[in-house]
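[1] model this:
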Amino acid sequence: MFKYFFLVIFYPLFAQATGQEVGNGGKFVLCSDRQYYFYDYVVTVNNQFGAIQSQLNFKQSVQQIIRNLQRLNDPLAIELQEFMSILYQQIPGKKYQWFAQTNLPYLWNPGGDQMLPAQCNKVKKQAALFTAPYADIAYISYMYDFRLIAQVQSQKFGDIQVSMLWVHEWLWNHFSIKNFLKLAYFNRLLHSEKMNSITAMEYSKIKSELLK
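    Prediction:
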């Protein structure tokens, strides 16, 4: 069981010399149990949604989220299905394009390091980052460290960490940077066992609170 609670703050959006906007990306942090954990998983350990569906592998996790969103008649199901259906691919004309790259630069915030507890050894790694459409580039580009992602996925319950990574990246379509913590909680909700039984009314109320 994960026992350590720590926080990594995302670095604000910045512009490269070309003027192309580079966005916040997903990060993993290594703790003293020698396991990598995703940001959203960690900062939402204390939550109202209960247990996470940690027994599922990556594909099962994504499919379960989509099924639950469909059951709740949430149009987000279609968006997530589109995003995940072309994961790690470069298909002309698609909204999202993926580019593998190792050792991605870490987007850090000086205050974030001070929030890490003593139980963690402060090893932080960038798993993914994105660039928004720019000039004649009409798609959102994702750079991802496939070796790091594969390493995390090979851990016990690592599939859920990777699932949270990519759902997190997709959710940036609906959250502003100032609401990164609300995004993390919505990500936790989508991965929770509560989603299997939540009513449409209850879900709508929680969603409206987090997305406002």
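[2] just checking, N187 touches S163?
    No: with contact defined as Cβ atoms under 8 Å, N187 does not reach S163; the gap is 9.3 Å. (Each C-beta comes from the backbone N, C-alpha and C, glycine too.)
[3] so those two - more neighbours on which side?
    Legend: neighbour count by other Cβ atoms under 10 Å for N187 and S163, higher for S163 (29 against 26).
[4] what distance do you get for the more buried one to M201?
    For S163, the distance to M201 equals 26 Å [Cβ to Cβ, to the nearest Å].
[5] do V167 as well
    Counting by Cβ to Cβ, the gap from V167 to M201 is 23 Å.
[6] how about the residue nearest the centre of the chain, phi and psi?
    Here the mean C-alpha position of the chain is nearest to the C-alpha of H168 (Cα atoms, centre = their mean), at a distance of 2.4 Å. Its backbone dihedrals place H168 at phi -60, psi -50, with angles given as degrees, to the nearest 10.
[7] ok, it - contacts?
    By Cβ atoms under 8 Å, 6 or more residues apart in numbering, the contact list for H168 reads G26, F38, Y39, D40, L183, A184, N187.
[8] state the pLDDT value of the third one.
    Same thing as Y39. pLDDT, Y39: 82.
[9] now the helices: where do they sit in this protein?
    39-43, 58-71, 76-85, 110-114, 146-153, 158-171, 180-190, 200-211 (DSSP state H).
[10] in CSV: the ones you listed, plus distance to A127.
    Putting the helices of the chain into CSV (distance: least, Cβ to Cβ, whole Å) gives the following:
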stretch, distance to A127
helix 39-43, 10
helix 58-71, 13
helix 76-85, 16
helix 110-114, 16
helix 146-153, 5
helix 158-171, 6
helix 180-190, 14
helix 200-211, 23
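[11] closest to T131 out of these?
    helix 158-171 (12.2 Å; Cβ to Cβ).
[12] and the angle for that closest one with helix 200-211?
    70 degrees (axes from the mean of the first three to the mean of the last three Cα atoms, to 10 degrees).
[13] looking at the helices of the chain, which has the lowest confidence?
    Sorting the helices of the chain by mean pLDDT places helix 110-114 lowest, at a mean of 49.
[14] got a markdown table for the contacts of H168, with distance to K124 too?
    Below are those laid out as a markdown table (distance: Cβ to Cβ, whole Å):
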| residue | distance to K124 |
| --- | --- |
| G26 | 11 |
| F38 | 12 |
| Y39 | 10 |
| D40 | 15 |
| L183 | 19 |
| A184 | 16 |
| N187 | 19 |
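[15] so who does M143 touch?
    Residues near M143 by Cβ under 8 Å, 6+ apart: G25, F99, A100, Q101, L104, A128, L129, F130, T131.
[16] now do 7 Å
    F99, Q101, L104, A128, L129 (Cβ atoms under 7 Å, 6 or more residues apart in numbering).
[17] drop anything exposed from those.
    Among those, those classed as buried by 16 or more other Cβ atoms under 10 Å are L104, A128, L129.
[18] who does the second one bridge with?
    Going back to what we said before, that points to A128. With DSSP bridges applied, A128 shows beta-bridge pairing to Y144.
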